[in-house]
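Enquirer: Have a look; sequence and predicted model below, questions after that.
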Amino acid sequence: MTLKTSTRCVKFGGTSDPYGAIVPPIYQTATFRQPTASEFGEYDYTRSGNPTRSLVEQQLAELEGGTGACAFASGMAAITALTRLVEHGDEIIAGDDLYGGTVRLLEQILPRQGVSVRYVDTTKLEAVRAALTLRTRLILVETPTNPMLSICDIRGLSQITRESGVMLAVDNSMLSPVLQQPLALGADVVIHSATKFLSGHSDVTAGAIITKDPLLHGQIAFQQNAEGAALSPFESWLLLRGLKTLALRVERQNDSARKVAQFLARQKGIRKVYYPGFKVHFGHEIHRSQSEGDGSVVSFTTGDEQVSAQLAEATRLFTIAVSFGSVGSTISLPCRMSHASIPKTLQDRLAPPADLVRLSVGIEDADDLMEDLGQALDIATQGRVRQRNYFVTPTRSYRPNSR
Ligand SMILES: *Cc1c(COP(=O)(O)O)cnc(C)c1O
């Protein structure tokens, strides 16, 4: 009997707990007693392995259709571990609309290790093929990209990487395995910022690398242990807890985002809506052929950076915050926020439009969200400024510039 994803999210990890606990315990221990001075038990030291982390790793591998997973302290720690497999003198081909922190790593850390990076429009297979050299070791893409929601053809890319002996890594943070499983489409590696949908409540920072090749998994696990960036037992437990509602959350958020995107497309004050579910969206057909949903991130422009900022500030149900994938809706101006970390020299090429607004649609009622966006748009386009934080007004005891 093959179980559907929502069932597999919940029905996982029968523990062999002697007391029959149906939730696995948090093995909050740094080290493990060994049977004798010359034998090692299954676990010896938490940096190298911990039962709570093993469970979440098994669950992640299972959900992504991989054979092994490594959980890291953050998405960036996971990506860092992956890039360690690229050696001095080698090259990485990276998409040109990547998460800002990924660009910072590729641009400011990797060159010090003698690894160079080419940014390519990875939505065009020909451009990727043309950028390949004998030194290319890794192609790293996101699809849909963040925040422009461009689509890369995972099957097409995997054909190129297979022919050329290059590794294909897909950052699947935007859709989660509920909506897209890159390993089945030919990718070698799936990356996750588990901070996003996988944990889903904005209370965990975590990352993961999932592979289907045991040899590759062994190399990543070696990095995880050697560099010490593994996920802690408590965070592993929180992530396990989040995964149980993954399908439920993603499905709801996916449905609401469609309504919100359609609503935005009807508004006069909105210039362009970026949403892979629209037929007119560039790459829509490819996206639909490789995924089971359009995700819950919707971006749009207003034609005016000031209007975009005012709109964000006038919403009451969307929190101004970076990140996405949480149960609570968020709104951000990527150019000023998540993507401000793109080095100045690359801003012209890689930064999103200044008036771009990114929404991450949560599990609130979709009608409430649309009504809120409507009133915020009215305020922003009329140039009126209204008091923010309608519901809560915390007293601020710190000076605004003290951070
Ligand atoms: C957030 C994010 C990352 C980085 O993950 P952290 O958990 O914040 O370190 C990497 N890739 C994508 C697509 C992201 O959205």
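Expert: Alright, I've got the coordinates.
Enquirer: Now for A321, how many residues are close by?
Expert: 16 (other Cβ atoms under 10 Å). All C-beta spots, glycine's among them, are computed from the backbone N, C-alpha and C.
Enquirer: Now do it against the ligand, distance only.
Expert: 12 Å (Cβ to the nearest ligand atom, to the nearest Å).
Enquirer: Show the contacting residues for the closest residue to that residue other than its chain neighbours.
Expert: The shortest distance from A321 to any non-neighbouring residue, by Cβ to Cβ, 6 or more residues apart in numbering, is to T330 (4.6 Å). By Cβ atoms under 8 Å, 6 or more residues apart in numbering, T330 lies in contact with 318-324, 359-360, 362.
Enquirer: Give me the pLDDT for T330.
Expert: Per-residue confidence (pLDDT) for T330: 97.
Enquirer: And it, how far from D17?
Expert: Distance, T330 to D17, using Cβ to Cβ, to the nearest Å: 37 Å.
Enquirer: just A221 next, same as before
Expert: 25 Å.
Enquirer: A strand includes L168, no?
Expert: Yes - assigned with DSSP: H, G, I helix; E, B strand; the rest coil, L168 falls within a strand.
Enquirer: bridging residues for it?
Expert: I139 (DSSP bridges).
Enquirer: near the ligand, anything from stretch 151-162?
Expert: No - interface with the ligand: stretch 151-162 contributes nothing (Cβ under 6 Å from any ligand atom), its closest point being 12.6 Å away.
Enquirer: and stretch 164-174, how far apart are its ends?
Expert: 27 Å (Cα to Cα, to the nearest Å).
Enquirer: Look up the closest residue to A354, ignoring the ones flanking it.
Expert: Using Cβ to Cβ, 6+ apart, the nearest residue to A354 is E305, at 4.5 Å.
Enquirer: Wait, the one you found touches L356, no?
Expert: No - using Cβ atoms under 8 Å, E305 makes no contact with L356, being 9.0 Å away.
Enquirer: and for these two, which residues touch both?
Expert: Common neighbours of E305 and L356 (Cβ under 8 Å, 6+ apart) are L333.
Enquirer: returning to what we had before: nearest to S299, of the contacts of T330?
Expert: Nearest to S299 among the contacts of T330 is L359, at 7.2 Å by Cβ to Cβ.
Enquirer: more crowded one of A221 and D17?
Expert: Higher neighbour count among A221 and D17: A221, with 20 against 11, using other Cβ under 10 Å.
Enquirer: Who are the packing partners of the helix or strand encompassing that one?
Expert: Element membership for A221, per DSSP states H and E: helix 214-227. Packing partners of helix 214-227 (3 or more Cβ pairs under 8 Å, 6 or more residues apart in numbering; DSSP states H and E): strand 68-72, helix 75-83, strand 207-211.
Enquirer: Might you calculate how far the second one sits from the centre of the chain?
Expert: Right, the one you point to is helix 75-83. Mean C-alpha position of helix 75-83 versus that of the full chain (Cα atoms, centre = their mean, to the nearest Å) differs by 12 Å.
Enquirer: Could I get the average pLDDT for it?
Expert: Mean predicted confidence for helix 75-83 is 98.
Enquirer: Could you do the first one as well?
Expert: Rounded to a whole number, the mean pLDDT of strand 68-72 is 98.
Enquirer: Give me the angle between it and strand 207-211.
Expert: Inter-element angle recorded for strand 68-72 and strand 207-211: 170 degrees (by axes from the mean of the first three to the mean of the last three Cα atoms, to 10 degrees).
Enquirer: cool, the longest one as well?
Expert: For helix 75-83 against strand 207-211, the angle by the same axes, to 10 degrees is 40 degrees.
Enquirer: Flag every residue of the stretch 101-250 of the chain that's near the ligand.
Expert: Counting by Cβ under 6 Å from any ligand atom, the stretch 101-250 of the chain sits next to the ligand at 101-102, 142, 146, 171, 173, 193, 195-196, 205, 207.
Enquirer: did I read that right, G325 in a strand?
Expert: No - per three-state DSSP, G325 lies outside any strand segment and is coil.
Enquirer: so the nearest residue to A366 once chain neighbours are set aside is in which element?
Expert: The shortest distance from A366 to any non-neighbouring residue, by Cβ to Cβ, 6+ apart, is to S256 (4.0 Å). Using DSSP H and E, S256 sits within helix 246-265.
Enquirer: starting at the chain centroid, how far to that helix?
Expert: Centre-to-centre, helix 246-265 and its host chain are 17 Å apart (Cα atoms, centre = their mean).
Enquirer: Alright, calling it a day.
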